[in-house]
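[1] next input, structure requested:
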Amino acid sequence: MHEYVLYSQIPDERIDTAVQVLAGYTRSQPVYLGEQTIIYAQVKLPEAVVSRKHGQPKQLHLNNPRPIYEKLKRSLTTAQQDGGPPEPLNDDWIFRVEQTPDPAVEATKPGSGKTMHISRDVLERPATDKDMDRFQEPEWYKYRHQYTLSGHQFVAGNIVIRVYRFHEEEYAGNPINRDLFVPTESNLIDQSGAWVVEAVVRVEDPSITKIMDAAKRELAHFRVAMEGALDLYAPDRLTLDTRVRDI
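    Numbering: from 1, shown residues only. The predicted structure follows:
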C-alpha cells in the first residue's frame with residue numbers, strides 16, 4: 001500500500017473553527033477518533049526472524065536494509081448503551097510498518113503554494129498471534145514507547161482527515177495486555193494543547209500509475225480548498241524516518 005499525506009497544526013483555541021470548516025467541506029459530522037499505538041524497534045532484520053521461526057510468508061515486511069520501527073495499533077472507540085459504561089467496539093490489533101518517506105518529495109512550508117506531500121510505502125494488516133508473540137521476544141524486538149491519540153475523523157472522497165492530540169500513557173504492565181481504555185486528556189504530550197491535522201490518501205496497488213496520479217490530484221485539490229483555513233504542508237521527510245539508529 002502507498003500513502004500520500006499532508007499535515008497541519010492548529011492551536012487549541014482554533015479547534016472548533018477547524019472542525020466546523022471540515023464538517024462543512026465533507027458535509028458530515030465528525031466521528032470520534034481514539035487510538036493506541038505501541039512502537040517496537042527491530043533488534044535484528046526481520047528476515048532472520050521469519051526464516052528461523054515462521055517460514056517465509058510473503059509481504060510480511062517492507063524491503064528495508066536495516067532495522068526499523070514497527071507498530072501495533074488499535075482503536076479505542078467505544079459505544080455507550082442506555083447510559084451504561086462504555087463498551088469496546090473492536091479491540092483487535094493492527095500491525096503497521098512505514099517506510100521512510102520518498103526522498104524525491106521535498107518539504108514545503110505553509111503558504112508556499114506548492115502541492116508537495118509526504119509519499120511513503122506502508123504495510124498494514126490485522127496482527128496475527130505470531131506477530132504478538134514475536135514482539136515480546138527480546139532477541140528480536142525492543143519495546144520503545146506507547147502513546148494514544150484522541151480527536152475527530154472525517155472522510156472526503158478518498159481522503160481520510162484526522163484531527164487529534166497525542167497523550168502520554170503511564171502503564172506499568174505489558175501494554176499489549178491492557179484492557180480497552182479512554183485516553184487521559186490531562187496527559188497531553190504537547191502541553192500547549194495544539195492539534196495535529198492529518199490528511200491521507202491510500203492506494204492499495206501502487207503499480208497502477210493512473211490511480212496514483214488521481215490520488216495526488218485529489219490531495220492537492222483538498223489542500224487548495226483549505227487555504228486560508230488550514231495550512232497543509234509536507235514536513236521534512238526525515239522527521240518521519242523509521243530507521244532504528246540506536247537500540
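[2] next one: phi and psi at the closest residue in space to Val197 that isn't next to it in sequence?
    Sequence neighbours aside, Ser8 is the residue nearest to Val197 in space, at 4.0 Å (criterion: Cβ to Cβ, 6 or more residues apart in numbering). Yep, even glycine has a C-beta here, placed from its N, CA and C like the rest. Backbone geometry at Ser8, expressed as degrees, to the nearest 10, gives phi -150, psi 170.
[3] can I assume Ser8 is in contact with Leu230?
    Yes: taking contacts as Cβ atoms under 8 Å, Ser8 lies within contact range of Leu230: 4.8 Å.
[4] what is the burial count for the residue nearest to Val197?
    For Ser8, the tally of surrounding residues (other Cβ atoms under 10 Å) stands at 19.
[5] contacts only, for it.
    Counting by Cβ atoms under 8 Å, 6 or more residues apart in numbering, Ser8 makes contact with 110, 196-197, 230-233.
[6] point to the helix or strand of the chain where mean pLDDT is at its lowest.
    Least confident helix or strand of the chain, by mean pLDDT, DSSP states H and E, is helix 46-49 with a mean of 50.
[7] helices of the chain, residue ranges please.
    Using DSSP state H, the helices found in the chain span residues 15-26, 46-49, 129-135, 209-225.
[8] can I get these in CSV with distance to Arg243?
    CSV is the format used below for those (distance: least, Cβ to Cβ, whole Å):
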stretch, distance to Arg243
helix 15-26, 33
helix 46-49, 13
helix 129-135, 18
helix 209-225, 24
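[9] quick one: those helices as TSV, columns for mean neighbour count and distance to Glu3 too.
    Putting these into TSV (neighbours: other Cβ atoms under 10 Å; distance: least, Cβ to Cβ, whole Å) gives the following:
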stretch	mean neighbour count	distance to Glu3
helix 15-26	15	19
helix 46-49	16	20
helix 129-135	15	21
helix 209-225	15	9
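[10] now the phi/psi pair for Thr184, please.
    Dihedral pair for Thr184: phi -80, psi 110, per degrees, to the nearest 10.
[11] got the contact list for it?
    Contacts of Thr184 by Cβ under 8 Å, 6+ apart are 148, 167, 169.
[12] and if we set it to 7 Å?
    Residues near Thr184 by Cβ atoms under 7 Å, 6 or more residues apart in numbering: 167, 169.
[13] now do it against Ser150, distance only.
    9 Å (Cβ to Cβ, to the nearest Å).
[14] quickly list what's touching both of those two.
    By Cβ under 7 Å, 6+ apart, the residues touching both Thr184 and Ser150 are His167.
[15] least confident of the helices of the chain, on average?
    Per-stretch mean pLDDT for the helices of the chain is lowest at helix 46-49 (a mean of 50).
[16] which stretches of this structure aren't confidently modelled?
    Within the chain, the ranges that satisfy pLDDT under 70 run 46-65, 78-90, 104-115, 247.
[17] now with 50, please.
    48-60, 106-107, 110-111, 113, 115 (pLDDT under 50).
[18] one step back: which among the contacts of Ser8 end up buried?
    The neighbour-count test (16 or more other Cβ atoms under 10 Å) applied to the contacts of Ser8 identifies 196-197, 230-233 as buried.
[19] among those, which one sits closest to Thr209?
    Leu232 (24.1 Å; Cβ to Cβ).
[20] residue contacts, the closest residue to that closest one other than its chain neighbours?
    Closest residue in space to Leu232, ignoring its immediate chain neighbours: Leu6 at 4.1 Å, by Cβ to Cβ, 6+ apart. By Cβ under 7 Å, 6+ apart, the contact set of Leu6 is 117, 199, 219, 223, 232-234.
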